[in-house]
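Peer 1: no FASTA, just this:
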């Protein structure tokens, strides 16, 4: 199973075309919503007269994203803005950085969200990993302590990884968002 993928695209647009740009983005979102795995989209601008538009869209996995990106609907949508929009940067984010992302649905005309510093991400991961690792190793020593090292570590890691990824780290990230994004 692959992780959700967030794509961030920076596009340059003439500020006098803001109304057309909003309509173009809403049309793209309406089309993307019909694709399996679509999780959300949005856009932000540093200011109302900025030429930079930071656009985000998120899919549940790489395969769903690939289906949208290869679709004739998306090709038509991009063609509709040809000449008015210039893409300057594209970034895909998956994996551990995704745990610290803000919501993928943004419609505010404000600065693009900044991820928390790596040291804060490390602290939150440590706050989850240490107690979970202690508990897992304690349980393993009581239940499978006689197993050889490699199978024991494989089993403990196979249990801990999904728990960290889907349960404990998202839970802790929500609780610590006040500190992570300060």
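Peer 2: Received, thanks. Model, not experiment: these values are computed from the prediction. Numbers count the residues shown, from 1 in each chain.
Peer 1: Please identify the residue most distant from the middle of this structure.
Peer 2: residue 146 (40.6 Å; CA atoms, centre = their mean).
Peer 1: Can you give me the buried ones in the lowest-mean-pLDDT helix or strand in the chain?
Peer 2: When the helices and strands of the chain are scored by mean pLDDT, DSSP states H and E, strand 85-93 comes last with a mean of 76. Judged by neighbour count using 16 or more other CB atoms under 10 Å, the buried positions of strand 85-93 are 85, 93. All C-beta spots, glycine's among them, are computed from the backbone N, C-alpha and C.
Peer 1: helices and strands around it, which ones?
Peer 2: On a contact count with 3 or more CB pairs under 8 Å, 6 or more residues apart in numbering; DSSP states H and E, strand 85-93 meets strand 5-13.
Peer 1: Report all helices and strands that the lengthiest helix in the chain contacts.
Peer 2: Criterion DSSP state H: the longest helix present in the chain is helix 118-143. Packing partners of helix 118-143 (3+ CB pairs under 8 Å, 6+ apart): helix 149-162, helix 169-175, helix 177-180.
Peer 1: pLDDT below threshold where in this protein?
Peer 2: 1-2, 94-114 (pLDDT under 70).
Peer 1: Can you read off the backbone torsions of residue 50?
Peer 2: phi -70, psi 150 (degrees, to the nearest 10).
Peer 1: I'd like to know how many residues surround it.
Peer 2: Look at residue 50: counted by other CB atoms under 10 Å, it has 16 neighbours.
Peer 1: again, but for the one 10 residues further on
Peer 2: Around residue 60 sit 16 other residues, with neighbours defined as other CB under 10 Å.
Peer 1: swap in residue 125?
Peer 2: Residue 125 has 17 neighbours, counted by other CB under 10 Å.
Peer 1: ok, it to residue 17 distance?
Peer 2: For residue 125, the distance to residue 17 equals 43 Å [CB to CB, to the nearest Å].
Peer 1: cool, residue 75 as well?
Peer 2: Taken as CB to CB, the span from residue 75 to residue 17 is 21 Å.
Peer 1: Looking at those two, which one has more neighbours?
Peer 2: More crowded of residue 75 and residue 17, by other CB under 10 Å: residue 17, with 15 against 11.
Peer 1: Right, I'll leave it there.
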